[in-house]
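> structure, please.
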Amino acid sequence: MRPIKDRNDFVTESLRQDRFWTQIMSEHALFIREGLPCMETALIEEARQLEEIFAGLKARADQTPSDRAAVCALNQDIIKALDRIIEFKTFVLKRMITCRLGGFNYPLLLDHIRREAIRFRANLLKLNNNIQTPLAELALEEEIFWLRIMGDHARFIAHLLDPSERPLVRRATQFGMNFETLRLQGEDLQSMLVPRDYENHLLPADMMGQPLPPGFGNLKEPFVIPRLQRFNGEVIAATMEIRDFKAVALELVETCKVLSLISPLLASHVLREAEMALADLGRIEQELNMNK
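Residues are numbered from 1 along each chain as shown. The predicted model follows:
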């Protein structure tokens, strides 16, 4: 397998990730805060602090020069903030799913935004430690991640639209089903092409990062096949379609032409994530084309 030259140019890729995801994390804290019961003053204050921390990191990222030492320091500080927001999201989620917290945050929403924070943190750790992922493994990880995120978005939109908006609810629901079908296709390809990922999932979570017991880790390296190239194209096409749907939804929300509980910021948030998905998937497409 021929890796792309300087796939993860440390400075460029770090700043691309930092400048996008710090704003997303700040907005996550805001969304959680808005959905908390008014009597949960400690959680509300923690969410407010996290919102400000990530807004500050976003401003810092925008001003960080293309200098390796400065970017590395920025990444380290963002990782510390991510540790905190992941812990906060976990705490709120646990209270929600054990029926010890009310409010208006869906448990799946909390899981969804925690997944994004965990992935962002993992990406920065890989960049800081120069960890390269084999192409087939990276492609499927990116595709499956974004398919699940886009599918979640579709279902959230369907549940936040007013029930009277029947055509839009129906279309959002169909998007959710389409992305779920593609995600299952991606998982099929993942176990075919990256069996080590499947094997790793069968180990206890506390063994991750530890030396593997005898017999584990002997499976073959991931490999690229033409079907993976076609699959990435299918994922891009589906993401472009929901991106366009979200763009229309944002215009409808901003002009008060739709009945829903969706704020302009939330509509913009999910649209920006679709654009980031297309950017990530486009990078995968370039690498796959180089491996033809």
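
> need the contact list for Ile79.
Taking CB atoms under 8 Å, 6 or more residues apart in numbering, we find Ile79 in contact with 121, 124-125, 128. (Glycine included, C-beta is placed from N, CA and C.)

> ranking these by neighbours, who comes first?
Leu124 (22 neighbours; other CB atoms under 10 Å).

> next SSE after whichever strand or helix holds it?
Following DSSP states H and E, one finds Leu124 within helix 107-128. With elements assigned by DSSP H and E, the helix or strand that comes after helix 107-128 is helix 135-160.

> and the helix holding Leu124, C-alpha only, in PDB?
The C-alpha atoms that make up helix 107-128 are tabulated as PDB, following Å, rounded to 0.1, in the frame of the first residue of the first chain:
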ATOM      1  CA  PRO A 107     -29.500  10.900  25.500                       C
ATOM      2  CA  LEU A 108     -28.500  10.100  21.900                       C
ATOM      3  CA  LEU A 109     -27.600  13.800  21.400                       C
ATOM      4  CA  LEU A 110     -25.300  13.600  24.400                       C
ATOM      5  CA  ASP A 111     -23.700  10.400  23.100                       C
ATOM      6  CA  HIS A 112     -23.500  12.000  19.600                       C
ATOM      7  CA  ILE A 113     -21.600  15.100  20.800                       C
ATOM      8  CA  ARG A 114     -19.400  13.000  23.100                       C
ATOM      9  CA  ARG A 115     -18.400  10.800  20.100                       C
ATOM     10  CA  GLU A 116     -17.400  14.000  18.300                       C
ATOM     11  CA  ALA A 117     -15.300  15.200  21.200                       C
ATOM     12  CA  ILE A 118     -13.600  11.800  21.600                       C
ATOM     13  CA  ARG A 119     -12.800  11.600  17.900                       C
ATOM     14  CA  PHE A 120     -11.400  15.200  17.900                       C
ATOM     15  CA  ARG A 121      -9.200  14.300  20.900                       C
ATOM     16  CA  ALA A 122      -8.000  11.100  19.200                       C
ATOM     17  CA  ASN A 123      -7.100  13.000  16.000                       C
ATOM     18  CA  LEU A 124      -5.000  15.500  18.000                       C
ATOM     19  CA  LEU A 125      -3.300  12.700  19.900                       C
ATOM     20  CA  LYS A 126      -2.500  11.000  16.600                       C
ATOM     21  CA  LEU A 127      -1.100  14.200  15.100                       C
ATOM     22  CA  ASN A 128       1.000  15.000  18.200                       C
END
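
> re the thing from before, is it possible to get JSON lines of the contacts of Ile79 that adds distance to Leu278 and pLDDT?
Below are the contacts of Ile79 laid out as JSON lines (distance: CB to CB, whole Å; pLDDT from 0 to 100):
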{"residue": "Arg121", "distance to Leu278": "22", "pLDDT": "98"}
{"residue": "Leu124", "distance to Leu278": "21", "pLDDT": "98"}
{"residue": "Leu125", "distance to Leu278": "24", "pLDDT": "97"}
{"residue": "Asn128", "distance to Leu278": "26", "pLDDT": "96"}
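
> out of these, the closest to Ser14 would be?
Leu124 (7.0 Å; CB to CB).

> please list all residues in contact with the residue minimising distance to the centre of the chain.
Nearest to the mean C-alpha position of the chain, by CA atoms, centre = their mean, lies Glu116 at 3.7 Å. Applying CB under 8 Å, 6+ apart to Glu116 gives the contacts 21, 24, 28, 149.

> contacts only, for the second one.
Right, the one you point to is Ile24. 116, 269, 272-273.

> no further questions, thank you.
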